[in-house]
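Participant: Just to be clear, the model below is a prediction. Sequence and coordinates:
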Amino acid sequence: MNPDLPVWVAGHRGLVGSAVVRALKVRGHRNFLLKTHADLDLTRQAAVETFVTQEKPALVVLAAAKVGGIQANNTLRYDFIQQNLAIAANVIEACRVNGVGRLINLGSSCIYPRDAAQPMAEEALLTGPLEATNEPYAVAKIAAVAMVESCNRQYGTDYLSLMPTNLYGPGDNYDLSGSHVLPALVRKFHEAKIAGHTPVTVWGSGSPQREFLHSDDLAEAILFAAEKVRATDVPRALLNVGSGQEVTIRQLAEAVQRTVGHTGPLVWDASKPDGTPRKLQDTRRLDALGWKARITLEDGLRRTYQDFLREQTRIG
């Protein structure tokens with residue numbers, strides 16, 4: 001990729017967006033279009049269209065979204081569907097009307113049915129009911145996939161949607177009220193360790209199976225797709241991105257506990273929801289195109305805890 005081409009990473013301060021910026025900088029990229037939410041509210045259509053018209057990005061990575069764990073998704077249901085629908089519609093339409101050459105739309109594996117056959121292939125989309133706890137968020141992400149596919153078919157654009165599995169990495173959200181399971185566990189175990197290795201309670205039974213992908217791996221997949229994959233190469237312009245490393249929530253909790261160095265009791269609260277029983281991405285489409293994840297869960301957890309400690313030092 002030409003290092004002087006203007007690249008807009010929407011959501012550049014988030015987990016995915018910051019990883020994309022890091023990966024581009026490693027490649028020597030120099031021309032970034034980066035706006036905070038205070039500078040540019042992506043839920044405001046006129047503001048988004050004005051920005052794209054003025055800046056004329058060559059590549060747009062749509063990593064901005066309202067995200068959260070089970071609790072946030074299940075209680076802020078309207079916020080999750082309304083804001084994510086608005087962000088996707090505004091950014092995709094602004095790219096279309098301004099002739100942006102490449103757009104990578106980031107989604108989530110929750111677009112697939114709750115009981116989809118495992119591993120979940122792209123063909124599973126819209127074949128069954130969604131997981132109830134995050135259905136509004138999933139519907140918004142499905143709509144974005146449909147917009148990208150429809151824009152390509154009607155207007156001849158070359159846009160792609162990438163569906164990553166559960167993500168973690170530097171810059172994650174460690175707030176217990178709104179974070180995903182892995183960063184929440186990092187914080188819980190760290191705080192329990194500091195408090196004298198007190199017990200840590202985890203929601204559910206520990207039996208659900210999950211796959212985790214480091215954000216730096218996802219950034220590499222995004223840039224690979226932007227440079228090497230055309231929308232016409234894959235049905236629905238849709239690609240899964242995963243690590244192929246599947247663990248139970250219990251195994252994950254125990255791995256985080258070891259990484260943090262917490263030696264107190266681990267308690268399971270089976271009265272709380274488990275969420276989807278199993279979520280493993282089928283990545284054969286992307287594998288066949290020549291890309292695979294490289295960061296192991298063990299190495300990724302070590303990096304994540306180091307990032308958490310740096311963040312705590314910065315705050316405190």
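Facilitator: Looks like it came in fine.
Participant: switch to C-alpha atoms for all contacts and neighbour counts from now on
Facilitator: Will do.
Participant: helix/strand/coil for the residue of the chain positioned farthest from its centre?
Facilitator: Of all residues in the chain, residue 196 has its C-alpha farthest from the mean position, at 33.6 Å, by Cα atoms, centre = their mean. When the structure is reduced to helix, strand and coil (DSSP: H, G, I helix; E, B strand; the rest coil), residue 196 reads as coil.
Participant: and it, how far is that from residue 309?
Facilitator: 17 Å (Cα to Cα, to the nearest Å).
Participant: Mind jotting down where the helices sit in the protein?
Facilitator: Remark: helices assigned in the chain by DSSP state H are 15-26, 45-55, 70-75, 77-97, 135-155, 181-194, 215-228, 249-260, 284-289, 297-315.
Participant: least reliable of these going by mean pLDDT?
Facilitator: Lowest mean pLDDT of the helices of the chain: helix 70-75, a mean of 82.
Participant: Flag every buried residue along it.
Facilitator: When burial is assessed from 16 or more other Cα atoms under 10 Å, helix 70-75 yields the following buried residues: 70, 71, 72, 73, 74.
Participant: Quickly list what residue 200 is bridged to.
Facilitator: Partner residues in beta bridges with residue 200, using DSSP bridges, are residue 266.
Participant: Touching, it and residue 190? I think so.
Facilitator: No: at 9.8 Å, residue 200 and residue 190 do not qualify as touching, with contact defined as Cα atoms under 8 Å.
Participant: OK, contacts around residue 300?
Facilitator: Residues in contact with residue 300 (Cα atoms under 8 Å, 6 or more residues apart in numbering) are 169, 214.
Participant: how near is it to residue 276?
Facilitator: Looking at residue 300 against residue 276, where the rule is Cα to Cα, the gap reads 23 Å.
Participant: what does residue 91 give?
Facilitator: Residue 91 sits at a distance of 30 Å from residue 276 (criterion: Cα to Cα).
Participant: Stretch 52-70: which residues count as buried?
Facilitator: Buried residues in stretch 52-70, counting neighbours by 16+ other Cα under 10 Å, are found at 52-53, 56-65, 68-70.
Participant: closest to residue 214 among those residues?
Facilitator: Closest approach to residue 214 among these (Cα to Cα): residue 63, at 14.8 Å.
Participant: check contacts around that closest one.
Facilitator: Residue 63 neighbours (Cα under 8 Å, 6+ apart): 9, 10, 11, 12, 14, 16, 17, 105, 106.
Participant: The second one contacts residue 52, correct?
Facilitator: No: with the criterion set as Cα under 8 Å, residue 10 and residue 52 do not qualify as a contacting pair; they are 11.2 Å apart.
Participant: ok, back up a step: can you redo the buried residues of helix 70-75 as JSON lines with distance to residue 210?
Facilitator: Below are the buried residues of helix 70-75 laid out as JSON lines (distance: Cα to Cα, whole Å):
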{"residue": "70", "distance to residue 210": "14"}
{"residue": "71", "distance to residue 210": "17"}
{"residue": "72", "distance to residue 210": "19"}
{"residue": "73", "distance to residue 210": "18"}
{"residue": "74", "distance to residue 210": "19"}
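Participant: Right, I'll call it a day here.
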